[in-house]
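*Asks:* build the 3D model from these lines:
(2 chains)
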Amino acid sequence: MSSPARQPFGLAALKDAAIAALITLGLFAPVMGLRTAQDNSGLTIVENWWPVLVAVAVVFFGRLILNAFFWSDNGFKVTDLIPRGEATAKVGETLAKLLAPVLIIVAIGLPLIPGLDRYYIDLGILVLTYVMLGWGLNIVVGLAGLLDLGYVAFYAVGAYSFALIATVVIPNYAPGLELWAFWICLPLAGLLAAFWGIILGFPVLRLRGDYLAIVTLAFGEIIRIVLLNWYEFTGGPNGINRIPDATFFGLEFKRNNGFADFFGLDYSSTQKFIFLYYLILVLAFLTNFATIRLRRLPIGRAWEAMREDEIACRSLGLSIVKTKLTAFALGAMFGGFAGSFFATKQGFISPESFSFIESANILAIVVLGGMGSQLGIAIAALVMVGGFEYFREFEQYRMLVFGLAMVLIMIWRPRGLISSRTATVFLKEKKTVSADMVAEGRG
Amino acid sequence: MEYFLQQLINGLTLGSIYGLIAIGYTMVYGIIGMINFAHGDIFMVGAFVSLIALLLITALGITAVPLALLLVLVIAMIITSLYGWTVERVAYRPLRGSFRLAPLISAIGMSIVLQNYIQIVQGARVKAIQPIVTGGIPLMESADGFVARIANIQIIIIVTTVVLMTVFSLIVAKTSLGRAQRACEQDLKMAALLGIDTNRVISLTFVMGAALAAVAGCMYLVYYGVLDFYIGFVAGVKAFTAAVLGGIGSLPGAMLGGILIGLIEAFWAGYFSSEYKDVAAFSILAIALIFLPTGILGRPEVEKV
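*Replies:* You can find the predicted model right below:
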């Protein structure tokens, strides 16, 4: 994979392709071609050469084609296919204007489609949970520019606070309020998560981007390990079960004297799921609404300013402490809400659900959506979570695709697929800056 | 006393492995200022290549343990270096001059890719092998019969680490490549202006880091005898902690940090609780980054505006 040959198709291109193919062979032959497998006598090697041959052939011919048509001087360049500069920004803007209302209508209307299988509602709930988490993390990563690799910790704090208050505190200290458990615990869980956001935010105030990322990763892992090992409090690896269901403002979803009877409807088990669907939809919209409004408040502007240049920000008298802590706290709060929802929907939580992979998952959605773009995140969650859930047979390739997509996005469109940064504050004229024209965190 | 000695030996062995991985982090950070998040997974790939090489060599009928180990080590170093080189070429080089967090995000993506690639091609199940180096030397016996001993494999690990550290320190100190690396570390742009092929230097730095990670992977395999596709994450974070603790950018610092982390982990597990040993490592990472960001042997970083 030496530098692409910038000359007419010929021997050089052939040589380049051959080298690339040889490297591919070196990479894949030992690890992919020789598979270790367990049999009665211990580990043995099973040969498996076809995928290696295919990979080598794809690289060889792919490289050849790239050299012949895209990288040579007389051919056209692959980058020409992507409109640049203002054009992209325009296209992105029109697309966003058209797509956003359509998505909202589909999201609201989905459960109302008569005869819809419950599976699709479950799928919708899953996607919306990730949309909400993505939007929550977006406050920290996209707006304030603080790369948080431990976001799932707040999700966990929300879920565990909810579960513990609903299963231990309320039955023991406030019996009679069981039906309202969800509505009491939801704000409490959000507050607790925000509180933890501040606690974990304090020590990292002085840290720069990548160090901050690693420390948040460490905090996330510490919280998970504590949850895993503190048996008396969290139940350890067994987790907490029999978490109460959410009620429709005190009305349970059951056959008699519940939601259906109260409104004179026929009882159906899907009612609960439709309710959960709308619940997470409302929570997600709440996150989105709060984010959009916050961006227009001084604090939101301070986030964006800090993202672009922390030193300039400090010189102009903005309090970095306040700006960073509010970003952490608010991001954590929405993570906590999502965690509560997760706990009540599942009815069971354990530390397994809150590993680093989950943080990476949410981060990947934010990155793919274009850090800072609300619509982009929703689409990324829909495609990456919904898409893979729908095509179950490709499930094992899901994280592979996530990872590859993260790398490719960083190389080609570092601001995300459809993102364009529109500054919230502007002088005289509103200019849209396309993703291609920004470097070094500006734009 | 015997128990203490035993934990000391275990800690030194573990620390050697962490130190070898930490060098990859510290060299890369020194030159291009990025955290190579995928380095832990390069270590994991190294362990898997070692496993495959070991099985192949056994199948070929080479039973002399020193020869087999040496062959495994060499094969693992070559293949893993190729992985290190490719990762840099594909995922990091196109990002020079991109915004600050781009390389880190790309590295996280690469880490996910490597983990899942190995999971798909080698299976998700834990791989276990019979110990190939057995025996040891008893050192001390306490009154109640506890024997502190140093296992042969521990001797091999510590000696290999010392030898490799010396070789790599010499490369950095004496060869023209090492001189170029040190120049790039001081000022990448100036080094380029003075005619150093900085891309080549960066590539070779990744190759060196990956080769040492492969050695660590091989040692991990023969020491523990079990591995899966997920070992790179925790080992990587601990090795990064070691690099930070020792002073990022400093080679002896990485080794010192590695040994410190190994000792802390061994004593923590030996005297307190083994469940929380990872919490100890992660806490040290956070504490070191917050209160001691330049590490023990590192130079203070001056932020230029």
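*Asks:* going forward, measure contacts and count neighbours with C-alpha atoms only.
*Replies:* Fine.
*Asks:* now do the contacts for A:I214.
*Replies:* Going by CA atoms under 8 Å, 6 or more residues apart in numbering or on different chains, A:I214 touches A:L149.
*Asks:* what pLDDT does it get?
*Replies:* What the model reports as pLDDT for A:I214 is 88.
*Asks:* who in the stretch 151-300 of chain B is up against chain A?
*Replies:* Counting by CA under 8 Å from any CA of the partner chain, the residues of the stretch 151-300 of chain B close to chain A are B:275-276, B:278-279, B:282-283, B:285-286, B:289-290.
*Asks:* please apply the same query to the stretch 1-150 of chain B.
*Replies:* B:34-35, B:48-49, B:52, B:55-56, B:79, B:82-83, B:91, B:94-95, B:97-113, B:116-118, B:120-122, B:127-129.
*Asks:* run the last query once more with 6 Å
*Replies:* Neighbours of chain A within the stretch 1-150 of chain B, by CA under 6 Å from any CA of the partner chain: B:98-100, B:102, B:106, B:109-110, B:112-113, B:116, B:121-122.
*Asks:* got a pLDDT number for the residue lying closest to A:Q396 once chain neighbours are set aside?
*Replies:* Among residues not flanking A:Q396 along the chain, B:I120 sits closest, at 7.3 Å (CA to CA, 6 or more residues apart in numbering or on different chains). We have a pLDDT of 90 for B:I120.
*Asks:* for chain A, which residue is closest to the average position?
*Replies:* For chain A, the residue nearest the mean C-alpha position is A:I362 (2.4 Å; CA atoms, centre = their mean).
*Asks:* before we move on, what SS does the residue nearest to that one when sequence neighbours are not counted have?
*Replies:* Excluding the flanking residues, the one nearest A:I362 by CA to CA, 6+ apart is A:G134, at 5.8 Å. Secondary structure state of A:G134, per DSSP: H, G, I helix; E, B strand; the rest coil, is helix.
*Asks:* how near is A:G134 to B:Y230?
*Replies:* Here A:G134 is placed at a distance of 25 Å from B:Y230 (CA to CA, to the nearest Å).
*Asks:* between those two, which is the more surrounded one?
*Replies:* Neighbours were counted for A:G134 and for B:Y230 using other CA atoms under 10 Å in any protein chain shown; A:G134 has more, 34 against 17.
*Asks:* ranges for the helices of the stretch 1-150 of chain A?
*Replies:* Taking DSSP state H, counting those that start in this stretch as the test, the helices found in the stretch 1-150 of chain A are A:11-28, A:50-65, A:85-109, A:118-138.
*Asks:* may I see the ones you listed organised as JSON lines, with mean pLDDT added?
*Replies:* Output for the helices of the stretch 1-150 of chain A, formatted as JSON lines (pLDDT from 0 to 100):
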{"stretch": "helix A:11-28", "mean pLDDT": "88"}
{"stretch": "helix A:50-65", "mean pLDDT": "89"}
{"stretch": "helix A:85-109", "mean pLDDT": "75"}
{"stretch": "helix A:118-138", "mean pLDDT": "91"}
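*Asks:* and among those helices, the most buried is which?
*Replies:* Stretch with highest mean neighbour count among the helices of the stretch 1-150 of chain A: helix A:118-138 (a mean of 24; mean count of other CA atoms under 10 Å in any protein chain shown).
*Asks:* what's that one packed up against?
*Replies:* With contacts taken as 3 or more CA pairs under 6 Å, 6 or more residues apart in numbering or on different chains; DSSP states H and E, helix A:118-138 sits against helix A:320-346.
*Asks:* point out where chain A drops to low pLDDT.
*Replies:* Under the criterion pLDDT under 70, the flagged ranges of chain A are A:1-9, A:70-93, A:415-443.
*Asks:* quick revisit: taking the residues of the stretch 1-150 of chain B next to chain A one by one, which sit in helices?
*Replies:* In this view, the residues of the stretch 1-150 of chain B next to chain A that belong to helices under DSSP state H are B:102, B:106, B:109-110, B:112-113, B:116, B:121-122.
*Asks:* helix or strand: which one has the residue nearest to the centre of chain A?
*Replies:* In the assignment (DSSP states H and E), A:I362 maps to helix A:356-369.
*Asks:* after that helix, next one along is what?
*Replies:* Where DSSP H and E defines the elements, the next helix or strand beyond helix A:356-369 is helix A:374-381.
*Asks:* which parts of that next one are buried?
*Replies:* Neighbour counts over helix A:374-381 (16 or more other CA atoms under 10 Å in any protein chain shown) mark A:374-381 as buried.
*Asks:* which non-adjacent residue is nearest the closest residue to chain B within the stretch 251-400 of chain A?
*Replies:* Here the residue of the stretch 251-400 of chain A nearest chain B is A:L400; by CA to the nearest CA that distance is 4.9 Å. Nearest residue to A:L400, sequence neighbours excluded (CA to CA, 6+ apart): B:V113, at 4.9 Å.
*Asks:* which SS state does B:I132 fall under?
*Replies:* With three-state DSSP as the basis, B:I132 sits in coil.
*Asks:* skipping its backbone neighbours, what lies nearest it in space?
*Replies:* Once flanking residues are discounted, B:I132 sits nearest to B:V222: 6.9 Å by CA to CA, 6+ apart.
*Asks:* before we move on, what about B:I231?
*Replies:* Distance criterion CA to CA, 6+ apart; nearest residue to B:I231, sequence neighbours excluded, is B:M44 at 6.2 Å.
*Asks:* number of residues surrounding the one you found?
*Replies:* So B:M44, with other CA under 10 Å, has 32 neighbours.
*Asks:* helix or strand with the lowest mean pLDDT in chain B?
*Replies:* Least confident helix or strand, chain B: strand B:136-141 with a mean of 82, by mean pLDDT, DSSP states H and E.
*Asks:* buried ones in it?
*Replies:* Buried residues in strand B:136-141, counting neighbours by 16+ other CA under 10 Å, are found at B:M140.
*Asks:* returning to that earlier point: just the buried residues of the residues of the stretch 151-300 of chain B next to chain A.
*Replies:* B:276, B:278-279, B:282-283, B:285-286, B:289-290.
*Asks:* longest helix of chain B?
*Replies:* Longest helix in chain B by number of residues (criterion: DSSP H): helix B:2-32.
*Asks:* pull the contacting residues for residue 17.
*Replies:* Because you didn't say which chain, this covers chain A. Going by CA atoms under 6 Å, 6 or more residues apart in numbering or on different chains, A:A17 touches A:60, A:63-64.
*Asks:* wait, I meant chain B there
*Replies:* By CA under 6 Å, 6+ apart, the residues touching B:I17 are B:A216.
*Asks:* do A:F154 as well
*Replies:* A:193, A:332, A:335-336.
*Asks:* next structured bit after the helix or strand where it lies?
*Replies:* Assessed by DSSP H and E, A:F154 sits inside helix A:152-164. Remark: after helix A:152-164, the chain's next helix or strand is helix A:170-173, criterion DSSP H and E.
*Asks:* ok, back up a step: doesn't A:R398 make contact with the residue nearest to A:L400?
*Replies:* No. Under the criterion of CA atoms under 6 Å, B:V113 is not in contact with A:R398, lying 10.0 Å apart.
*Asks:* ok, those two, which is more surrounded?
*Replies:* Per other CA under 10 Å, whichever of B:V113 and A:R398 has more neighbours is B:V113, with 24 against 18.
*Asks:* got a pLDDT number for that one?
*Replies:* Per-residue confidence (pLDDT) for B:V113: 94.
*Asks:* equivalent analysis for B:I153, please.
*Replies:* Looking at B:I153, its pLDDT is 91.
*Asks:* which one is it nearest to, not counting chain neighbours?
*Replies:* B:I153's closest residue in space is B:V133 (CA to CA, 6+ apart), at 5.9 Å.
*Asks:* B:L51 too?
*Replies:* Nearest to B:L51 is B:L221, by CA to CA, 6+ apart, at 7.1 Å.
*Asks:* repeat that for B:A183.
*Replies:* Using CA to CA, 6+ apart and skipping residues adjacent in sequence, the residue nearest B:A183 is B:A191, 5.9 Å away.
*Asks:* give me the mean pLDDT for the helix or strand encompassing the one you found.
*Replies:* Using DSSP H and E, the element containing B:A191 is helix B:188-193. Mean per-residue pLDDT for helix B:188-193: 91.
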